[in-house]
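Enquirer: Generate a structure from the sequence data that follows.
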Amino acid sequence: MPDLPTLQTTHSATHSATHSTTGRAASWLQRWRGWRPAGQCLVCGHWNPAAVCARCLHRWAPEVPRCSRCGINLQGLPHLDGVCMDCEAHGPEFDRALAALDYDAPWSTLMAQLKFQDACHLAPWLADRLASAWHRRPQRASVILPLPISARRLQERGYNQSALVAQALGRRLQLPVAPQVLHRVKHTERLMRLNPDDRQAAISGAFAVNPALRRQVLGRHVAVVDDVMTTGATLNEAALTLREAGARSVCAWVVARTGRSPRLMSAPP
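Expert: A predicted model of the protein is given here:
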């Protein structure tokens, strides 16, 4: 039987080997999630070196006027000086919003694949769209925070799609990304099934700022990145939490924005 020092050495070597193997596996998984087959447009299927060809971008993602407060597509909607009538009447808790795409086909399909089908290779391309939107309409930001998901949701899914987009966006805009600052402390069921009032009630108190990292938002201009904005209730709650922690301003940057709300649909022209 080996003596104690030999056992310690053996245990250390085994632990080191296990750690190394785990690290290699994690690295491989990260590379796999960032990989996609080259040569085919994800929308039309025609050969193209980029994820989506220029023709599909031109057809399905034209540049449109958007509300500077909530990011909604203003085409056909009543608005004043680039702000929709909903935001004129009752603006969101965040200062400004940026949206790259309308949450409609074909983009809604791609985003569902990212969110529910492990299509993590789509995150860099979606970050490109958000970066392009930012270059067209720059908004001041000192740090990027991905909108967090609950521990239960993270365990179910294995990743946070908003964090993947935020990390890629930070590299493109050369802004720091701080994924550990904002935490989801309250699990909620799918908010898309709820009406706006019920969404707001469900999401109340859902976020908290890590006290040890509060300095990363104190007095700073913060951009919160999410995949989709519907009513804005979740981003409103995140903005309230960040303001309470001392953020100087909060912007909501989303890949896609849903269409007009029921109030906008019934608003007079």
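Enquirer: how about the strands of the stretch 51-200 of the chain, start to end?
Expert: Assigned by DSSP state E, counting those that start in this stretch, the stretch 51-200 of the chain shows strands spanning 79-80, 83-84, 96-102, 143-146, 182-184.
Enquirer: Let me have those strands in TSV, adding mean pLDDT, mean neighbour count and distance to R243 as columns.
Expert: For glycine as for every other residue, the C-beta is placed from the backbone atoms N, C-alpha and C. Shown next, in TSV, are these (pLDDT from 0 to 100; neighbours: other CB atoms under 10 Å; distance: least, CB to CB, whole Å):
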stretch	mean pLDDT	mean neighbour count	distance to R243
strand 79-80	82	15	25
strand 83-84	94	21	20
strand 96-102	97	23	14
strand 143-146	98	23	13
strand 182-184	96	21	12
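Enquirer: A168 is nearest to which of these?
Expert: Among the strands of the stretch 51-200 of the chain, strand 143-146 comes nearest to A168, with 10.4 Å by CB to CB.
Enquirer: just checking, what packs against the closest one?
Expert: If you count contacts as 3 or more CB pairs under 8 Å, 6 or more residues apart in numbering; DSSP states H and E, strand 143-146 packs onto helix 161-173, strand 221-229.
Enquirer: most tightly surrounded among those?
Expert: Mean neighbour count, computed with mean count of other CB atoms under 10 Å, is highest for strand 221-229 among the helices and strands packed on strand 143-146, reaching a mean of 24.
Enquirer: R69 is in contact with A99, isn't it?
Expert: No: between R69 and A99 there is no contact under CB atoms under 8 Å: 11.2 Å.
Enquirer: list the buried ones in stretch 128-136?
Expert: Neighbour-count burial for stretch 128-136 flags D128, R129, L130, A131, A133, W134 (criterion: 16 or more other CB atoms under 10 Å).
Enquirer: Take these and keep only those in helices.
Expert: If you go by DSSP state H, these have D128, R129, L130, A131, A133, W134 in helices.
Enquirer: nearest to V228, of those residues?
Expert: For those, the closest approach to V228 (CB to CB) belongs to L130, at 12.0 Å.
Enquirer: Please report how far that closest one lies from G246.
Expert: Relative to G246, L130 is positioned 26 Å away (CB to CB, to the nearest Å).
Enquirer: Output the strands of the stretch 51-200 of the chain in a markdown table, with distance to R220 appended to each entry.
Expert: Below are the strands of the stretch 51-200 of the chain laid out as a markdown table (distance: least, CB to CB, whole Å):
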| stretch | distance to R220 |
| --- | --- |
| strand 79-80 | 30 |
| strand 83-84 | 25 |
| strand 96-102 | 15 |
| strand 143-146 | 6 |
| strand 182-184 | 13 |
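Enquirer: Out of those, which is closest to N48?
Expert: Using CB to CB, the nearest of these to N48 is strand 96-102, at 18.1 Å.
Enquirer: could you give the angle of that closest one to strand 221-229?
Expert: With axes from the mean of the first three to the mean of the last three CA atoms, to 10 degrees applied, the angle from strand 96-102 to strand 221-229 works out at 30 degrees.
Enquirer: and strand 96-102, what does it pack onto?
Expert: Using 3+ CB pairs under 8 Å, 6+ apart, strand 96-102 sits against helix 123-136, strand 249-257.
Enquirer: That concludes my questions; thank you for your assistance.
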